[in-house]
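# Build me a model:
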Amino acid sequence: MTTVYVLDGKRINSLDDFYAVVGEAMGCGGYFGRNLDAFADCLRGGFGTPDDGDFKVVWRDHEHSRNALGHAEVIRNLEHQIRTCHPSHRESMRERINEARAGRGETAFAWLLEIFEQEVPGQFRLE
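This next block holds a predicted model:
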């Protein structure tokens, strides 16, 4: 039987909120990653998803999340990362921050959608 995990998009106002909501819905002990790489790893299995991979994820009220996880959230996250990244990456990160400030480039919401599509294609839908 297919397990269905429901994400409450009204509760998602930042990536930190997303990790908390997805952890509550899908995680083992409330954990389902605290960054994009860990989230992708968790989707691959072993951290709350059924071992047979038979599950679906439904993101309800996704429009609220889409608005909250826009360019401002990209800026917030990249500004945090730039402080700890390798110096050779700082210039490209500054460029990404400037693009986001101009309202261009990917949003944090798009980052998450891409991870869902890469890791669990066909098992995810927006409502």
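# Quick one: low-confidence residue ranges for this protein.
The chain contains residues with pLDDT under 70 at 46-48.
# Point to the residue nearest the middle of it.
The centre of the chain sits closest to residue 112, judged by CA atoms, centre = their mean, with a distance of 3.6 Å.
# Return the residues in contact with it.
Residue 112 is in contact with 18, 36, 39, 69, counting by CB atoms under 8 Å, 6 or more residues apart in numbering. Yep, even glycine has a C-beta here, placed from its N, CA and C like the rest.
# Tell me if I am right that it is in a strand.
No - using DSSP: H, G, I helix; E, B strand; the rest coil, the assignment for residue 112 is helix, not a strand.
# I figured residue 69 hits residue 19, correct?
No - contact criterion CB atoms under 8 Å: residue 69 and residue 19 do not qualify, at 11.8 Å.
# And the strands in the protein?
All strands of the chain, identified by DSSP state E, fall at 3-8, 55-60, 124-126.
# neighbouring strands for the shortest one, and are they parallel or not?
Partners of strand 124-126 in the sheet, by DSSP bridges, are strand 55-60 (parallel).
# Tabulate the strands of the chain in CSV, adding columns for distance to residue 95 and mean neighbour count.
Formatted as CSV, those follow (distance: least, CB to CB, whole Å; neighbours: other CB atoms under 10 Å):
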stretch, distance to residue 95, mean neighbour count
strand 3-8, 31, 16
strand 55-60, 30, 18
strand 124-126, 30, 16
